[in-house]
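**Q** Mind folding the following:
(3 chains)
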Amino acid sequence: MSPVLQIDGLVKRFGGLVATDAVSLTVAPGEIHALIGPNGAGKSTLINQICGEMRSNGGTIHLAGRDITHLRAAERVSLGLGRTFQITSLLDDMTVRQNLGMAIQARRGGHSRLFDIAASRVKIWEEADEALAGSGLEGSAEHRVADLAHGEKKQLELLMAFALRPKLMLLDEPMAGLGHLESQEMIATLRATRGDAAMLLVEHDMEAVFALADRISVLVYGRIVASGTADEIRANPAVREAYLGEEDA
Amino acid sequence: MSRAHLGLIAVFILLALVPPVAEALGQSSMIRLIGQVLILGMAAASLNFILGYGGMVSFGHAAFYGIGGYVVGMLYHHHDAGTAFLGIIPGTTQMLITVPAAIFVSGLAALLVGALALRTGGVQFIMITLAFAQMFFFLFVSLKTYGGEDGIMVRRSNELLGLNLRDVPTLYWVVLTCAAGYYLFLRRLVNSSFGQTIAGIRQNERRMAAMGVDTYRTKLLAFVLSGAGAGFAGALMVIFLRFASPDMMHWTKSGELMVMVILGGVGTLAGPFIGAGALFTLETTLGRFTEHWALPVGIILLIVVLATKGGIIGLVQRLFGGRK
Amino acid sequence: MILIVEQFLNGLQYGVTLFLLAAGLTLIFGIMGVINLAHGALYMVGAFAAAWVTLQTGSFWIGLPVGLIVAAGVGLAMEVTVIRRLYARDHLDQVLATFALILIFNQTVTLIFGRQPLFSQVPDLLSGSVQVLPGLPYPAYRLFVIGVGLAVAVGLYLLINKTRVGMLVRAGASNRQMVRALGVDIGRLYTAVFALGALLAGLAGIMASPILAVQVGMGEEIILATFVVVVVGGVGSVKGAFVAGLVLGMLDTMLRAFLPGMLQGLMPGPEAQALGVGISSMGIYLMMAIVLLLRPRGLFAAGD
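**A** Numbers count the residues shown, from 1 in each chain, chains lettered A, B, ... in the order given. Coordinates of the predicted model:
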C-alpha cells in the first residue's frame, strides 16, 4: 500500500541556517505517526512546509501518491490534508452539535440551499451524533461553544477537523495547555474519531505520544535521527542521549 | 413550536382587522399609517437578514429600497406618457409586472454594489455601501425626466387582478398579504442550510473559509436577496403612497432602517417590524409636539444603543425570561 | 486655459478641506477602529462657532481661535461621553450611536441658531485678489485656505514621522495590540487622537465658513466625500488622506465645472445641466469603485 504521506529529502534554509536538513519521512495509511524532538529542532517549520504555508528549498512531498510540493495550502486541503491549530477558532454562538453539523455540511455541500430546512438534514445530524458518541463531548452536545472550557474547545476543533474526512491530519501540539484529565479526554477523542485518517502528530507530551503513536520519528537540529516503534525509540541510545536523557520512562 | 404558530396567526388576524376597526372608530388614517409601518418593516427585515444574521453592516440599503420604488414610478411615468423606457420597454401599471420588475432591478443593483463592496470588510464596507447608495441618490436626482428632486407622482394606482386598489382597505390588505408572505419567506430562509451558513460566517468567517465554504459568494448571494427584498418593499411603498422620491434612497433613510432594526432587536424575525412600528410611532407622536422631534429620537436611540443589547425584543426577553 | 487654472486652484482648496477632515477620520478609524459618522458635526460646530463670533466681533481673527477651541472642546466632550464607550463595541453599535449624535447635534444647532444659514465674512486682510497668472485674479482668501491646509499637512507629517507620539500613532494604526503591549496609556492616546481629529475638522469648518453658507446639514454634505477619501486613501493612512483628498477634490471640482458645458453639445440645456451635475456628483464614487477594483484596501492602506 502506498504511503499517505511521503517526504523525500526535504530541505529548508533560512539564510545560512538549515532548518530542515534532508528530511525523509513516510506515514502509512491509518497510522498515527508522532514527531518529537527538543525545542528548536524544526518541527513547526516542517509542519508548515507540509501544509504549504512555507516553501521548501529542496525535496518533495507526496500526498497519497500525488506530488503536492508546489501546490498552495488551499489546494492541499482540498486534496485531503487536514490541520488543527493551537488557537481555537469556533462558531461561538452555536452549540457543539451545530458546529459539528456545520463542518459536515461544508464537506457534504449544499450549504447554499435556500429552501431546505437545515434541521431536517438527517444524514448530517446522524453523522454529528456518531462523531460525538465516544468522544469526551457527548454530554455537552447542546452547550454553546462560548460556554465551553478550553480543553473541550480543543476537542471540538479536532472533531470538526476530522469531520472533513481528511486523508492525513496534521496535529500541532494538540495537548498544549491541557491539564491531566483533559489530556486523557483528548486522547480518547483522538482514538474514537480518527476513523481512517492517518495522523502526523507533533507533540511534547510524552505520555500522549507513547499512548497513541504507532511509529515515532525524532527530529534534532532539522534532521531525523531515529524512526521506529515506541519500544525501538525508547531503546535507541542516540535518542535517549539527545532527548529522553533526563527522563527514565 | 405550535404556540409560536398560533401567535403568528393571531397577529395576522389582528392586523387584518385594522381597516374595519379603524373605520368604526373614525380613525381611518390609521390604516395608511399601519400600512406604511408594514412596508417599512419589510425593508428593515430585508436589511436585518444581512445585518443581524449575516453580520454585514450595510449603510446603503435605502438605495435598493429606492430603486425598487423608482422602477414602479418610472413604469408608471412611461405608461402615462405613452413612451417606452430606453425606447423598448413599455410602461405599465400592472402590479404583477411592476413589482417583480422592481425586485429584479434592485437585486441586480445589489449584485453590482455587493460584488465590489464585499471584497472589503469592517469600516471600509460600511463606508463603501454608504457611498454607493448616495451615488444612486445623486443619479436619480439628476434625472429630470423622472422628476429629479421632486420625484414622481403616481397619479393612477397600480392594478392587480381587477381589485380596486384605490380603496384604501383593499390596498392595505394587499400590503398585509405581501408582508406576511415576506415574513414567512425570511423565516424559511433563516432556517435553511444557507441561513445557517450565513450565521456561521457572521460568527467566524475564517473558520467557515477553513472548512471550504466560499464566503464571498455566499455573502454576495445574501446581499442580493436582501437588496431584492428592499426593492420589493420600495415598490409597495410607491404603490401605497403613490409617490416616489429620491429621498427614499438618501443615506439618512438607510440610517432610519438601521434604527428600526436595532430598536426591534437585531437578528430576530419579528424585530424589524416591531422596530418599524416603534420608530414610526415615536416620530409621529413626537412630531405632534415639536418640529425638533429628531432630538429626542436621537437621544433615545443613543441610550438604547449604549445601554441595551438586543433592542426591544431583548428587553422583553430579559424582563419576562421567555421567548417570543 | 485660465479657466482651468482657476478651477485647479478651486479644486486644490476643496481638496485641502477634504484632507483636513479625512486625516482626522482616518486616524480615528485606523487607531481606534471606531467609525464616527458624526465627524461632520465637528466641522459644522467649528463653522458655526467661528461664523457667529466673527459676526459678533467683526473680526475673523477672533473667530478663528474661538472656533478651534469650541471644536476641540466639543470633540473632547463627545469622546468622553459617547465615543469612549464605543471602542469595544461592534460596528453596528458605533454606526447607530454616531448617527444618533448627528441627529442630536443638528437639532441642537437648529434650536440655538434657527434654520437660517449664517453668512460669515472674509477678513479684510484677505479680501482682495492675487494675480496668480496674467489675467487671472484669484481670491486671496482661498489661497490662504490652501496655504493653511498644506501647512497642516507638513505639520502632521512631522508630527507622525518625527515625534514619539507620532510613532505611537503609526504603530497604533497598523497594530492596536502592540501599542497596548508597549505599556502606553491607551485611554489618553485615544482621547488625544480624537481631539486632534476634532481640531482638524473644526479647522476645516472655520476655513470654509466665509466661503460657504453655514447651515445645518453642511456636515453631512461633506462627510460622504470624506468617507470616499478615506476609503480611497486607505484606512489609517494620513498620506493616503492627503493624496486622495487632493485628487478627489480636484476631480470633483473639475467635473462640476466642465461637464455640464461639455454635455450642452449633446442634449438640450436644462437636461444637460441636471445630468452634468448628477454625473459630476457621482464622479468621486465612480473613482472609488475603480480604485477598489484594483486595490480593495485603498491606495496606502496602513498595516496588513
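**Q** Following element in sequence after the lowest-mean-pLDDT helix or strand in chain C, please.
**A** Lowest by mean pLDDT, DSSP states H and E among the helices and strands of chain C is helix C:176-181, with a mean of 70. Beyond helix C:176-181 on the C-terminal side, the first helix or strand identified by DSSP states H and E is helix C:186-208.
**Q** Can you point out the buried residues in that following helix?
**A** The neighbour-count check on helix C:186-208 (16 or more other C-beta atoms under 10 Å in any protein chain shown) flags C:186, C:189-208 as buried. Any C-beta I mention is one placed from the backbone N, CA and C, and that applies to glycine too.
**Q** Which element, helix or strand, includes the residue nearest to B:Leu161 when sequence neighbours are not counted?
**A** Leaving aside its sequence neighbours, B:Leu161 sits nearest to B:Leu96 (C-beta to C-beta, 6 or more residues apart in numbering or on different chains; 7.4 Å). Following DSSP H and E, one finds B:Leu96 within helix B:95-117.
**Q** Can you spell out which helices and strands pack onto that helix?
**A** Secondary-structure packing of helix B:95-117 (3 or more C-beta pairs under 8 Å, 6 or more residues apart in numbering or on different chains; DSSP states H and E): helix B:61-81, helix B:122-141, helix B:215-241, helix C:269-294.
**Q** tell me the secondary structure for A:Ser24?
**A** strand (DSSP: H, G, I helix; E, B strand; the rest coil).
**Q** Neighbours of it, how many?
**A** 14 (other C-beta atoms under 10 Å in any protein chain shown).
**Q** burial of the closest residue to it other than its chain neighbours, as a residue count?
**A** In space, and not counting its chain neighbours, A:Ser24 is closest to A:Asp8: 5.3 Å by C-beta to C-beta, 6+ apart. Look at A:Asp8: counted by other C-beta under 10 Å, it has 15 neighbours.
**Q** Name the SS class of A:Asp8, please.
**A** Assignment for A:Asp8 (three-state DSSP): strand.
**Q** average pLDDT across the helix holding B:Leu96?
**A** Averaging pLDDT along helix B:95-117 gives 93.
**Q** buried set for it?
**A** B:95, B:97-99, B:101-103, B:105-110, B:113-114, B:116-117.
**Q** does chain C sit close to stretch B:136-148?
**A** Yes. Looking at stretch B:136-148 against chain C by C-beta under 8 Å from any C-beta of the partner chain, the contacts come from B:Phe138, B:Leu139, B:Val141, B:Ser142, B:Leu143, B:Lys144, B:Thr145, B:Gly148.
**Q** Pull up the per-residue confidence for the residue most central in space within chain C.
**A** Centroid-nearest residue in chain C: C:Leu21, 2.2 Å away (criterion: C-alpha atoms, centre = their mean). On pLDDT, C:Leu21 comes in at 95.
**Q** Give me the distance between it and chain A.
**A** 37 Å (C-beta to the nearest C-beta, to the nearest Å).
**Q** So for that residue, what's the nearest residue that isn't a sequence neighbour?
**A** Leaving aside its sequence neighbours, C:Leu21 sits nearest to C:Thr226 (C-beta to C-beta, 6+ apart; 4.4 Å).
**Q** Check that neighbour and give its pLDDT.
**A** At C:Thr226, pLDDT is 94.
**Q** between the helix or strand containing it and helix C:186-208, what angle do the directions make?
**A** Secondary-structure assignment from DSSP H and E places C:Thr226 in helix C:218-233. Counting by axes from the mean of the first three to the mean of the last three C-alpha atoms, to 10 degrees, helix C:218-233 lies at 120 degrees to helix C:186-208.
**Q** CA atoms only for helix C:218-233, dumped as CSV, please.
**A** Coordinates of each C-alpha in helix C:218-233 appear next as CSV, following Å, rounded to 0.1, in the frame of the first residue of the first chain:
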residue,chain,number,x,y,z
MET,C,218,-23.2,71.1,5.9
GLY,C,219,-21.6,68.4,7.9
GLU,C,220,-23.5,65.6,6.2
GLU,C,221,-22.8,67.0,2.7
ILE,C,222,-19.1,66.9,3.1
ILE,C,223,-18.8,63.8,5.3
LEU,C,224,-19.7,61.5,2.5
ALA,C,225,-17.0,62.8,0.3
THR,C,226,-14.7,62.5,3.3
PHE,C,227,-15.6,58.8,3.6
VAL,C,228,-14.7,58.3,0.0
VAL,C,229,-11.4,60.0,0.5
VAL,C,230,-10.6,57.7,3.5
VAL,C,231,-11.6,54.6,1.6
VAL,C,232,-9.6,55.5,-1.5
GLY,C,233,-6.6,56.7,0.5
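**Q** ok, then the element right after it?
**A** From helix C:218-233, the next helix or strand downstream (DSSP H and E) is helix C:238-264.
**Q** Quick check: buried residues in that next one?
**A** C:238-257, C:259-260, C:263.
**Q** got the angle between it and helix C:269-294?
**A** Using the same axes, to 10 degrees: helix C:238-264 against helix C:269-294 is 150 degrees.
**Q** Show me what helix C:238-264 is packed up against.
**A** For helix C:238-264, the elements it packs on are helix C:2-27, helix C:140-162, helix C:218-233, helix C:269-294, judged by 3+ C-beta pairs under 8 Å, 6+ apart.
**Q** Compute the inter-axis angle for that helix and helix C:2-27.
**A** Using the same axes, to 10 degrees: helix C:238-264 against helix C:2-27 is 140 degrees.
**Q** What's the mean pLDDT across helix C:238-264?
**A** Regarding helix C:238-264, the rounded mean pLDDT is 89.
**Q** Same question for stretch B:258-271.
**A** Per-residue scores along stretch B:258-271 average to 86.
**Q** do the same with stretch A:13-32
**A** Mean predicted lDDT for stretch A:13-32 stands at 88.
**Q** can I get the CA coordinates of it in PDB?
**A** The C-alpha trace of stretch A:13-32 is given here as PDB (Å, rounded to 0.1, in the frame of the first residue of the first chain):
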ATOM      1  CA  ARG A  13      17.200  27.100   4.600                       C
ATOM      2  CA  PHE A  14      16.800  30.500   6.400                       C
ATOM      3  CA  GLY A  15      19.900  32.300   5.100                       C
ATOM      4  CA  GLY A  16      22.800  30.300   6.500                       C
ATOM      5  CA  LEU A  17      20.700  28.300   8.900                       C
ATOM      6  CA  VAL A  18      19.500  24.900   7.700                       C
ATOM      7  CA  ALA A  19      16.200  24.400   9.500                       C
ATOM      8  CA  THR A  20      15.200  21.200   7.600                       C
ATOM      9  CA  ASP A  21      18.100  19.100   6.700                       C
ATOM     10  CA  ALA A  22      17.200  16.500   4.000                       C
ATOM     11  CA  VAL A  23      14.300  15.100   6.000                       C
ATOM     12  CA  SER A  24      12.700  11.900   4.700                       C
ATOM     13  CA  LEU A  25       9.500  10.500   6.400                       C
ATOM     14  CA  THR A  26       6.600   8.300   5.500                       C
ATOM     15  CA  VAL A  27       3.200   7.900   7.100                       C
ATOM     16  CA  ALA A  28       1.300   4.800   6.300                       C
ATOM     17  CA  PRO A  29      -2.500   4.800   5.700                       C
ATOM     18  CA  GLY A  30      -4.300   4.800   9.100                       C
ATOM     19  CA  GLU A  31      -1.100   5.200  11.000                       C
ATOM     20  CA  ILE A  32      -0.500   7.500  13.900                       C
END
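**Q** Flag every buried residue along that stretch.
**A** A:Val18, A:Ala19, A:Thr20, A:Asp21, A:Val23, A:Leu25, A:Thr26, A:Val27, A:Ala28, A:Glu31, A:Ile32.
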